[in-house]
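1. Make a model of this:
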Amino acid sequence: MTDEKLTGQTAVVTGANSGIGRGIALALGAAGANVVVNYRSDPEGGHAVARLITEGGSRAAALQADVSVEADVEAMFARAVELFGTVDILINNAGMQKDARFEEMTLAQWNSVIGVNLTGQFLCARAAVREFKRRGPRPAVSSALGKIIHISSVHEVIPWAGHVNYAASKGGVMQLMKSLAQEVAPLRIRVNSICPGAIRTPINRDGWETPEALAALMKLIPMKRIGEPEDIGKAAVFLASDDSDYVTGTSLFVDGGMTLYPGFESGG
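-> Residues are numbered from 1 along each chain as shown. Prediction:
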C-alpha cells in the first residue's frame with residue numbers, strides 16, 4: 001500500500017465482485033480501508049476480490065446481499081458492524097441492465113432495474129446514514145461523519161433509447177444523491193456521485209471486444225480511449241477521503257469527455 005488515505009475506515013462496496021465495483025474495492029483497500037465486498041450471486045468473485053485486498057495488507061470480507069431486498073441490506077450492514085466495528089464509507093455501486101425497446105419493455109424488466117439501481121441505492125444509503133449517526137464522529141480517522149458515493153452513469157444526463165429503465169434509474173440516482181446531500185450536509189455526511197462513461201467491464205463487452213465495436217465506441221469519446229475500472233477507483237478514493245472534504249452534492253463525470261457532445265467536435 002502506497003497511499004493510505006483511508007486507514008482505520010471501513011467501506012461497504014455493493015456489487016464489488018466484478019467490473020467497476022471490483023476496481024473500487026481494490027482501490028479502497030490499497031488506500032488502507034477495511035472493505036466489505038458485497039455480491040449477490042457470485043460468491044467466487046466476491047471472495048476472490050476479498051482475498052486480493054487481504055493480500056495487499058487491508059482487511060476484507062465478502063458478504064452476500066441483494067440490495068433490492070430490505071432485509072438483506074439490513075443484515076449486511078449489521079454484519080459489517082459486527083466484523084469491523086462500524087461503516088464509514090458506502091459505495092452504492094450495484095446495478096443492472098435489462099434492455100428492450102420501450103413498447104416491448106415488460107413491467108418486470110422495468111421493476112427489476114429500478115429495484116436494484118434506484119431502490120437498492122436508497123436502502124443502502126439509509127442504512128449507512130443510520131450507522132453514521134449511531135456511531136458518531138471519529139475525527140481521528142475522518143473529518144466527515146460518513147461518506148456516501150453513488151455510482152451513477154453518464155446516462156443520468158444523456159438520454160438512451162432502448163434503455164429507458166436504466167436511464168430513468170440513473171436520473172433518479174442523481175436526484176437521490178443531491179437531495180440526500182442537502183439533507184445530511186449539516187451532519188457532516190458527504191454525499192456525491194461518480195458518473196462513469198464507457199468502462200471496460202464484462203457487462204458491456206459487446207461494445208469494446210472487437211476492433212469494429214471499439215472503433216464505433218471511440219466516436220463517442222473525445223479522449224479516444226475506453227475507461228478502466230481503475231479510473232473509477234481513483235475517483236472513489238478521492239471522494240471517500242478528506243481530500244474532498246468540501247465536496248458534496250456533486251456528480252463527478254469520469255467519461256473521457258463523453259458528455260461533451262462529441263458529434264459537434266468538428267463544428268456540427
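2. where along this structure do the helices fall?
-> For the chain, applying DSSP state H gives helices covering 19-30, 43-55, 70-84, 107-114, 120-135, 164-184, 211-218, 229-240.
3. what residues are up against the spatially closest residue to Gly172 that is not a sequence neighbour?
-> Leaving out its chain neighbours, the residue that sits closest to Gly172 by CB to CB, 6 or more residues apart in numbering is Leu118, at 4.5 Å. Quick note: C-beta positions are derived from backbone N, CA and C, even for glycine. Neighbouring residues of Leu118 by CB atoms under 8 Å, 6 or more residues apart in numbering: Ser169, Gly172, Val173, Leu176.
4. top of those by neighbour count?
-> Neighbour counts for the contacts of Leu118 (other CB atoms under 10 Å) peak at Ser169, which has 28 neighbours.
5. Could you report the pLDDT at it?
-> pLDDT, Ser169: 98.
6. what's near enough to touch it?
-> Gly95, Val113, Ile114, Asn117, Leu118.
7. Report the spatially nearest residue to it, omitting neighbours in sequence.
-> Ser169's closest residue in space is Asn117 (CB to CB, 6+ apart), at 3.6 Å.
8. Could you do Arg135 as well?
-> Nearest to Arg135 is Thr86, by CB to CB, 6+ apart, at 4.5 Å.
9. same check, this time on Gly85
-> Closest residue in space to Gly85, ignoring its immediate chain neighbours: Thr10 at 7.2 Å, by CB to CB, 6+ apart.
10. re earlier: just confirm the residue nearest to Ser169 contacts Tyr166, I think it does.
-> Yes. Contact criterion CB atoms under 8 Å: Asn117 and Tyr166 qualify, at 7.0 Å.
11. Neighbour count for those two, which is higher?
-> Per other CB under 10 Å, whichever of Asn117 and Tyr166 has more neighbours is Asn117, with 26 against 21.
12. residues touching the more buried one, list them.
-> Residues near Asn117 by CB under 8 Å, 6+ apart: Gly95, Met96, Tyr166, Ser169, Lys170, Gly172, Val173.
13. got it, and Pro137?
-> Residues near Pro137 by CB under 8 Å, 6+ apart: Leu145, Arg188.
14. on that earlier part again, how about the helices of the chain, which one is nearest Ser142?
-> helix 229-240 (8.8 Å; CB to CB).
15. Which elements pack onto the closest one?
-> The contact analysis (3 or more CB pairs under 8 Å, 6 or more residues apart in numbering; DSSP states H and E) places helix 229-240 against helix 19-30, strand 89-92, strand 146-151, strand 189-196, strand 251-254.
16. now those as CSV including mean neighbour count and mean pLDDT?
-> CSV is the format used below for the helices and strands packed on helix 229-240 (neighbours: other CB atoms under 10 Å; pLDDT from 0 to 100):
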stretch, mean neighbour count, mean pLDDT
helix 19-30, 27, 98
strand 89-92, 30, 99
strand 146-151, 27, 99
strand 189-196, 26, 99
strand 251-254, 19, 98
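17. Tabulate the ones you listed in CSV, adding columns for distance to Gly227.
-> Formatted as CSV, these follow (distance: least, CB to CB, whole Å):
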stretch, distance to Gly227
helix 19-30, 9
strand 89-92, 17
strand 146-151, 13
strand 189-196, 6
strand 251-254, 7
